[in-house]
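Engineer: Fold the following and give me the result.
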Amino acid sequence: MTLTDTRVDDSYPTRITGKPEHLPRAHPTVWGSEADGPLDAATLANHETRGYTVVDQLLSPGEVQTYWQELVRMSSGDHSGDERVITEAKTGEVRSIFDVHETSELIAELVRDPRVLDRARQILGSEVYIHQSRVNYMPGFKGTGFYWHSDFETWHAEDGMPAPRAVSCSIALTDNYPFNGGLMVMPGSQRTFVQCAGETPEDNYKSSLKEQRVGVPREEDITKLAAEYGIDQFTGQAGSALWFDSNVMHGSSNNITPYPRSNIFLVFNSVENALREPFAAIEPRPAFIAGRDSTPLSR
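Structural biologist: Numbers count the residues shown, from 1 in each chain. Reported below is the predicted structural model:
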């Protein structure tokens, strides 16, 4: 299938050759109702408006310790030759490990936990599956941040996700302070799709997972969005969870403090939004980054 063919039914064209524009979102942020899950009507309305929801103490202190030990286990040993393990470009330390719901029994249980799964189903208004799972490590002093971006832009362009009917759940396993690289989000920015310029290089994921250069907005785009929406930062104790829409503009700064910041990152996609061929890439990314099995999750 050619790029021209995949773009026939494309509400969110990106990786363009002309000047990028800001396009209005063609889909809702919240697809379910209060009757569909644990979030009340006011929380859902706020999520629709702001594009994110914070759930304090999703995990107990004991559970946090259990998952933290799992992160330590997964990062130990020799990872040479394992594409699922992403290392820091400068230090070689583990930055992220992907596909963890397939390699960790504990995380496989977590994605099916009612506290997690029921919220994902409610926000997306359907059965869901895991589009992507990973654990992120941001060690003290040398943790590298993530530049401003919309996840959906990449998932649409390189994975073939048709619409922004996906939601991410970032569960903190360390305390998130304002000064140790906590995630910054632009509330309400999910209502605007920011086109990006430039052709997608072959096997772009091999470099973009360490430092994204294609599929990031221009500085003038970030300036305009920040002026319109402002910037919030996710802070809170270990065990807290941030649920945020796939098209929210977000990023994080480097961590130069002694305090590490690590999290479990789960992306749920609606089974009604299963991946197609990429909209702006020659080949889809590997399944460990973008799951193509849309079988609904069950408890």
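
Engineer: which residues of this protein score low on pLDDT?
Structural biologist: Low-confidence segments of the chain (pLDDT under 70): 1-8, 210-211.

Engineer: The residue nearest to the spatial centre of the chain sits in which helix or strand?
Structural biologist: The centre of the chain sits closest to Ser168, judged by Cα atoms, centre = their mean, with a distance of 5.0 Å. Element membership of Ser168, judged by DSSP states H and E, is strand 166-172.

Engineer: and that strand, which strands flank it?
Structural biologist: Sheet neighbours of strand 166-172, with direction, are listed as strand 241-245 (antiparallel), strand 261-270 (antiparallel) (DSSP bridges).

Engineer: how about the strands in the stretch 151-299 of the chain?
Structural biologist: Under the criterion DSSP state E, counting those that start in this stretch, the stretch 151-299 of the chain contains strands at 166-172, 184-185, 192-194, 232-233, 241-245, 250-252, 261-270.

Engineer: out of those, nearest to Lys19?
Structural biologist: Across the strands of the stretch 151-299 of the chain, Lys19 has its closest neighbour in strand 192-194 (12.1 Å, Cβ to Cβ). Just so you know, the C-beta spots here come from the backbone N, C-alpha and C atoms, and that holds for glycine as well.

Engineer: So which elements touch that closest one?
Structural biologist: Helices and strands touching strand 192-194, as assessed by 3 or more Cβ pairs under 8 Å, 6 or more residues apart in numbering; DSSP states H and E, comprise strand 22-24, helix 151-154, helix 219-229.

Engineer: Now do the buried residues in whatever helix or strand comes next after the shortest one.
Structural biologist: Think strand 22-24. Later in the chain than strand 22-24, the nearest helix or strand by DSSP H and E is helix 41-50. Using 16 or more other Cβ atoms under 10 Å as the test for burial, helix 41-50 gives 43-44, 46-48, 50.

Engineer: repeat for stretch 136-152
Structural biologist: Buried residues in stretch 136-152, defined by neighbour count with 16+ other Cβ under 10 Å: 136-139, 143-146, 148-152.

Engineer: State the pair within these that is farthest apart.
Structural biologist: Largest separation among these by Cβ to Cβ: Pro139 and Phe152, giving 28.3 Å.

Engineer: For the closest residue to Arg84 other than its chain neighbours, give its distance to Ala226.
Structural biologist: Closest residue to Arg84 apart from its sequence neighbours, by Cβ to Cβ, 6 or more residues apart in numbering: Phe98 at 4.5 Å. As judged by Cβ to Cβ, to the nearest Å, Phe98 and Ala226 stand 30 Å apart.

Engineer: Which one of the two is surrounded by more residues?
Structural biologist: More crowded of Phe98 and Ala226, by other Cβ atoms under 10 Å: Phe98, with 24 against 15.

Engineer: which ones are touching that one?
Structural biologist: Phe98 makes contact with 84-86, 132-134, 288-289, according to Cβ atoms under 8 Å, 6 or more residues apart in numbering.

Engineer: run the last query once more with 6 Å
Structural biologist: For Phe98, the contact set (Cβ atoms under 6 Å, 6 or more residues apart in numbering) comprises 84, 134, 288-289.

Engineer: Moving along the chain from the longest helix anywhere in the chain, name the first helix or strand you hit.
Structural biologist: Ranked by number of residues, the top helix in the chain under DSSP state H is helix 61-75. Downstream of helix 61-75, the first helix or strand assigned by DSSP H and E is strand 85-87.

Engineer: Whichever helix or strand comes after that following strand pairs with which strands?
Structural biologist: As assigned by DSSP H and E, the chain's next helix or strand after strand 85-87 is strand 94-98. Take DSSP bridges as the rule and strand 94-98 pairs in its sheet with strand 85-87 (antiparallel), strand 128-138 (antiparallel).

Engineer: helix or strand right after strand 94-98?
Structural biologist: Using DSSP H and E, the helix or strand that follows strand 94-98 towards the C-terminus is helix 100-103.

Engineer: which residues touch that following helix?
Structural biologist: 107-108, 111, 130, 133, 135.

Engineer: State the helix or strand in which Arg119 lies.
Structural biologist: Going by DSSP H and E, Arg119 is in helix 114-124.

Engineer: check contacts around His79.
Structural biologist: Contacts of His79 (Cβ under 6 Å, 6+ apart): Val85.

Engineer: Now do the phi/psi pair for it.
Structural biologist: When quoted as degrees, to the nearest 10, the phi and psi of His79 stand at phi -110, psi 10.
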